[in-house]
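[1] Requesting a structural model of the entry that follows:
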Amino acid sequence: MIQIASNAIIGTVASKLIDSVLSSKISQKNDKKKWIRERKLNIFSNLSEEIIHLTCENLEEKKTNIKNSVSKIILLINDKDLIRTLNNYMFILDEYECYKSDINLNNLNEELMDTLRLYIERF
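    The predicted model follows:
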């Protein structure tokens with residue numbers, strides 16, 4: 001009788017311990033996903049704000065902030081198409097002075113904003 005009771009207690013304790021460890025792992029994983037999602041939204045928001053206020057006149061000033069946001073986004077995402085789009089956008093901004101007669105900055109910004117919006121809707 002004592003053997004059965006001790007086995008039951010050991011089983012209960014072991015079960016609770018396993019449950020606690022598994023719950024902790026799941027909770028940590030969910031917290032990490034939530035943190036990454038919030039971080040992405042924050043950085044996307046910052047980038048969007050910079051793009052919306054970008055003009056030919058403030059290009060040099062805004063370019064540094066945009067590059068900072070893009071570099072952070074690239075670290076947080078796995079979407080190769082979006083990374084390529086962001087890199088292309090940065091290249092165009094870097095070369096804007098040479099090709100400004102060929103580049104419509106407003107259209108370029110709108111296209112990137114649409115791309116960012118679509119990406120955000122997916123996560």
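
[2] Check which element follows the host helix or strand of W35 along the chain.
    In this assignment (DSSP states H and E), W35 forms part of helix 2-52. The element immediately downstream of helix 2-52 (helix or strand, assigned by DSSP H and E) is helix 59-76.

[3] Just give me the residue closest to the centre of this structure.
    The centre of the chain sits closest to K40, judged by Cα atoms, centre = their mean, with a distance of 2.9 Å.

[4] And the contacts of the worst-scoring helix or strand of the chain on mean pLDDT?
    Of the helices and strands making up the chain, the lowest-confidence element is helix 96-99, at a mean of 81, by mean pLDDT, DSSP states H and E. Contact with helix 96-99 is made by C56, L59, I92, I103, L105, as judged by Cβ atoms under 8 Å, 6 or more residues apart in numbering. Backbone N, C-alpha and C define where each C-beta goes, glycine included.

[5] What's the local residue count around the first one?
    Residue crowding around C56 was assessed by other Cβ atoms under 10 Å; the count is 11.

[6] got a list of what the closest residue in space to it that isn't next to it in sequence touches?
    Nearest residue to C56, sequence neighbours excluded (Cβ to Cβ, 6 or more residues apart in numbering): L105, at 6.1 Å. With contact taken as Cβ under 8 Å, 6+ apart, L105 is in contact with L54, T55, C56, L59, Y96.
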